[in-house]
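Student: Generate a structure from the sequence data that follows.
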Amino acid sequence: MKILVLFLLLLANTVFAQNNAYQEAIKNGDMALKNEEYEKAISKYKAADAIDPSQRKEAMERIDRVFKAISAKKEAAEQAEKKAKAAEAKTAEALSQAQIAKINAEKQKKIADENLQKANKLINAFYFYDNKFAVAFKDRKFYFIDKNGDEIAKLGKYKEANNFDYDGWAYVSKEDGKEYLLDTLGNTYRVAYNLADLSPDIEALDLRNKEQADFPLQALQYPKLKVLMINQIKENTKITIPKQINQLQALTFLKLQYCEIDTLPPTFFELKNLTYLSLQVNQLSSLPAQIGELKNLTSLDLGYSQLSSLPAQIGELKNLTSLYLFFNQLSTLPAQLWELKNLTSLDLVGNKLSSLPDQIGELKNLTSLDLGYSQLSSLPAQIGELKNLATLYLRGNQLSTLPAQIGELKNLTSLYLERNQLSTLPAQIGELKNLTSLSLSENQLSTLPAQIGELKNLTELDLSENQLTTLPTQIGELKSLTELNLSYNQFKELPTQIWELKSLTKLRLHKNQLSSLPAQIGELKNLTYLSLYNNQLTTLPAQIGELKNLPELDLSDNQLKELPTQIGELKNLKTLYLSRNPLSITEIDKALQSLPQIEKLYLRDLGLRTLPASVLSLKNLKTLNLKNDDDKKKNPNTLSAAEQEKIRKLLPKGCEVSF
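Tutor: As a prediction, the model looks like this:
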């Protein structure tokens with residue numbers, strides 16, 4: 001009887017704990033939904049479903065609410081846009097009321113833009129695999145959407161579904177309750193996640209993140225397997241691929257990563273149906289000539305191996321679209337590599353290539369090329385023949401110049417040139433009209449060509465760690481720019497054209513020689529991040545208070561003795577850095593009294609012997625840093641142990657303080 005009572009008590013406690021966990025997950029999901037954190041809300045509701053499947057109906061209804069909220073936002077944005085267009089049309093109908101109509105149209109357009117920005121934030125909140133697919137939920141079914149919010153019919157509808165993972169697979173569950181892997185073409189594969197779950201109808205064996213002592217020989221008994229994935233082994237072991245691997249003739253997708261594989265048996269190359277092969281992070285020092293027999297391969301990943309050469313037969317893989325050879329020991333490439341005319345992605349980062357052959361220009365279908373961290377000192381003119389190239393990585397080389405033909409890459413959207421030895425840029429850089437991201441950090445640039453202003457679609461420009469003292473006036477023509485990094489240069493003042501960049505959200509000006517900021521800083525109304533640390537600023541303009549959307553401001557390591565009262569107008573400011581300035585406690589108090597919403601505050605090396613009283617009134621404070629810099633100790637804080645203990649007790653619950 002006692003045992004029965006004890007069992008019932010334990011059961012009751014378990015049920016109680018389960019119910020508490022379920023309710024907590026639902027509560028957290030509701031809070032996330034209220035704060036418009038939609039992906040977090042879905043995650044919490046899914047967690048609730050996993051905790052207590054008996055209450056699935058409630059969890060699914062809440063997930064449905066999330067997607068309805070997203071749809072409502074999207075619809076509101078579209079309606080506002082329609083109204084804006086209608087208002088603009090009215091201006092054409094009545095010239096006598098043209099000015100009024102124009103004003104109204106502009107107001108409607110502004111509202112539309114704001115709603116569309118909110119809708120875009122919703123879209124950005126979701127994880128889109130390959131910038132294409134995200135999971136959605138409606139009418140008790142999971143399905144997949146594109147960035148327009150439209151359903152992708154070929155991917156189907158499911159009882160349960162997760163987002164696509166890094167390898168391009170989505171977990172789904174059908175109405176029959178069985179689990180499947182879904183690929184991006186809409187094909188489903190009955191999946192097992194453990195050897196014990198293998199059965200004749202299983203087509204995919206997913207052992208990722210499950211330690212293996214060796215190759216799972218049991219899998220060889222299931223010739224219908226089309227997908228096999230392993231990426232983890234037990235310590236001090238390695239996988240030896242058995243010669244019987246050729247029994248898995250149905251394999252199309254094979255991933256054997258982090259397996260310490262050092263050889264491939266001849267029978268391995270009898271897997272003629274393979275379309276995807278990843279042997280990333282192994283110990284292969286050579287690649288057998290038989291690799292050329294895998295003629296159906298479209299993707300081959302040999303990254304992080306020990307390859308010092310490639311066989312000529314690599315050129316027989318005519319169907320290859322993606323070839324990953326990053327971080328090997330390659331100093332030369334076989335001529336046959338340039339025969340892979342269908343390649344769209346080629347990754348050679350981290351090898352020992354000192355030059356590129358002219359034949360690089362033969363890979364006309366390339367859209368992505370990574371040549372970073374090699375030993376390239378120049379580029380052949382034929383680089384300009386890669387007309388379809390959208391992304392080009394050249395970071396970490398020894399380039400001192402770029403060929404004029406770089407300007408022929410008209411479809412280029414991203415160009416990464418950081419950590420080279422560039423002292424000039426060719427005027428042809430301005431011909432890259434579709435460029436949205438340009439990184440030139442850690443070079444030797446002292447000037448930029450005027451043609452930089454022709455990059456009208458540029459949204460991100462990184463010029464940090466160069467030798468710039470000025471910028472061409474044409475910089476002001478980059479109206480689409482949202483992120484500008486000018487840190488670690490030699491600017492004593494900033495060109496006035498910067499204040500014309502009204503779309504800027506992030507502006508990094510730290511580690512320069514600025515002694516003042518102009519009043520025009522207040523014109524950058526969209527700033528969400530402003531870094532000014534390690535300059536020579538003695539004052540800030542009153543117009544700093546016009547940056548109403550600014551949540552983060554770094555003023556550390558300057559010569560500020562006072563802060564303008566207008567700093568209190570930054571009602572969205574959550575993170576403030578004031579470290580290593582000659583600010584008095586009175587001045588700090590005055591500023592913080594107007595900023596009660598501050599969540600993170602940095603007051604390092606300010607000579608504090610006691611805490612400014614206003615800090616204790618910051619009810620939302622989550623982080624308080626009062627540490628000293630061991631390397632500088634310009635004016636260290638000297639808070640006694642008793643004072644530190646007092647501060648800990650008086651700060652808001654949960655606030656992390658460091659001394």
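
Student: Quick one: the strands in the stretch 101-250 of the chain, in order.
Tutor: Using DSSP state E, counting those that start in this stretch, the strands of the stretch 101-250 of the chain run over 134-138, 141-145, 160-161, 170-173, 179-182, 188-192, 204-206, 227-230.

Student: My guess is Leu494 contacts Pro518. True?
Tutor: Yes: counting by Cβ atoms under 8 Å, Leu494 touches Pro518, with 7.3 Å between them. For glycine as for every other residue, the C-beta is placed from the backbone atoms N, C-alpha and C.

Student: Those two - which one has more neighbours?
Tutor: Each of Leu494 and Pro518 has its neighbours counted (other Cβ atoms under 10 Å); Leu494 has more, 20 against 14.

Student: so what's that one up against?
Tutor: Leu494 makes contact with 486, 509, 514, 517-518 under the criterion Cβ atoms under 8 Å, 6 or more residues apart in numbering.

Student: Over to Asn351?
Tutor: Going by Cβ under 8 Å, 6+ apart, Asn351 touches 325-331, 374.

Student: Make a ChimeraX selection of whichever of those turn out to be buried.
Tutor: Entered in ChimeraX, the line below selects the buried ones among the contacts of Asn351, by 16 or more other Cβ atoms under 10 Å:
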select :325,326,327,328,330,374
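
Student: Show me where the chain has its helices.
Tutor: Counting by DSSP state H, the chain has helices at residues 2-34, 38-51, 56-93, 98-125, 585-593, 641-650.

Student: Among those helices, show the one with the smallest mean pLDDT.
Tutor: Across the helices of the chain, helix 98-125 has the smallest mean pLDDT, namely a mean of 49.

Student: Without its sequence neighbours, what residue ends up closest to Thr188?
Tutor: Closest residue to Thr188 apart from its sequence neighbours, by Cβ to Cβ, 6 or more residues apart in numbering: Tyr180 at 4.2 Å.

Student: surely that neighbour meets Arg190?
Tutor: Yes: between Tyr180 and Arg190 there is a contact under Cβ under 8 Å: 5.8 Å.

Student: can you list the weak-confidence ranges in the stretch 501-650 of the chain?
Tutor: Applying pLDDT under 70 to the stretch 501-650 of the chain flags residues 630-634.

Student: change it to 90
Tutor: Residue ranges of the stretch 501-650 of the chain with pLDDT under 90: 628-638.

Student: Could you pull out the strands in it for me?
Tutor: Taking DSSP E, counting those that start in this stretch as the criterion, the stretch 501-650 of the chain contains strands spanning 506-508, 529-531, 552-554, 575-577, 600-602, 623-625.

Student: same question, the stretch 251-400 of the chain
Tutor: Under the criterion DSSP E, counting those that start in this stretch, the stretch 251-400 of the chain carries strands at the ranges 253-256, 276-278, 299-301, 322-324, 345-347, 368-370, 391-393.

Student: Make CSV out of those strands and add mean pLDDT and mean neighbour count.
Tutor: As requested, the strands of the stretch 251-400 of the chain are exported to CSV (pLDDT from 0 to 100; neighbours: other Cβ atoms under 10 Å):
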stretch, mean pLDDT, mean neighbour count
strand 253-256, 98, 22
strand 276-278, 98, 21
strand 299-301, 98, 20
strand 322-324, 98, 20
strand 345-347, 98, 20
strand 368-370, 98, 21
strand 391-393, 98, 21
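
Student: Dump those into TSV; add distance to Pro403 as well.
Tutor: Formatted as TSV, the strands of the stretch 251-400 of the chain follow (distance: least, Cβ to Cβ, whole Å):
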stretch	distance to Pro403
strand 253-256	38
strand 276-278	34
strand 299-301	29
strand 322-324	24
strand 345-347	19
strand 368-370	15
strand 391-393	12
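
Student: Number of residues surrounding the residue nearest to Gly29 when sequence neighbours are not counted?
Tutor: Excluding the flanking residues, the one nearest Gly29 by Cβ to Cβ, 6+ apart is Lys44, at 3.4 Å. As a burial measure, Lys44 scores 25 neighbours (other Cβ under 10 Å).

Student: wait, what's in contact with Lys44?
Tutor: Listed by Cβ under 8 Å, 6+ apart, the contact set of Lys44 reads 25-26, 28-29, 32.

Student: repeat that for 7 Å
Tutor: Neighbouring residues of Lys44 by Cβ atoms under 7 Å, 6 or more residues apart in numbering: 25, 28-29, 32.

Student: Then Leu553?
Tutor: Applying Cβ under 7 Å, 6+ apart, one finds that Leu553 lies in contact with 530, 573, 576.

Student: could you measure it against Leu504, distance?
Tutor: Taking Cβ to Cβ, to the nearest Å as the measure, Leu553 falls 14 Å from Leu504.

Student: coming back round to it: turn the strands of the stretch 101-250 of the chain into TSV, columns for mean neighbour count and mean pLDDT.
Tutor: Below are those laid out as TSV (neighbours: other Cβ atoms under 10 Å; pLDDT from 0 to 100):
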stretch	mean neighbour count	mean pLDDT
strand 134-138	21	86
strand 141-145	21	91
strand 160-161	20	92
strand 170-173	20	95
strand 179-182	22	97
strand 188-192	20	97
strand 204-206	23	98
strand 227-230	22	97
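
Student: I'd like those laid out as CSV, including distance to Glu339.
Tutor: Shown next, in CSV, are those (distance: least, Cβ to Cβ, whole Å):
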stretch, distance to Glu339
strand 134-138, 37
strand 141-145, 36
strand 160-161, 40
strand 170-173, 35
strand 179-182, 33
strand 188-192, 33
strand 204-206, 33
strand 227-230, 29
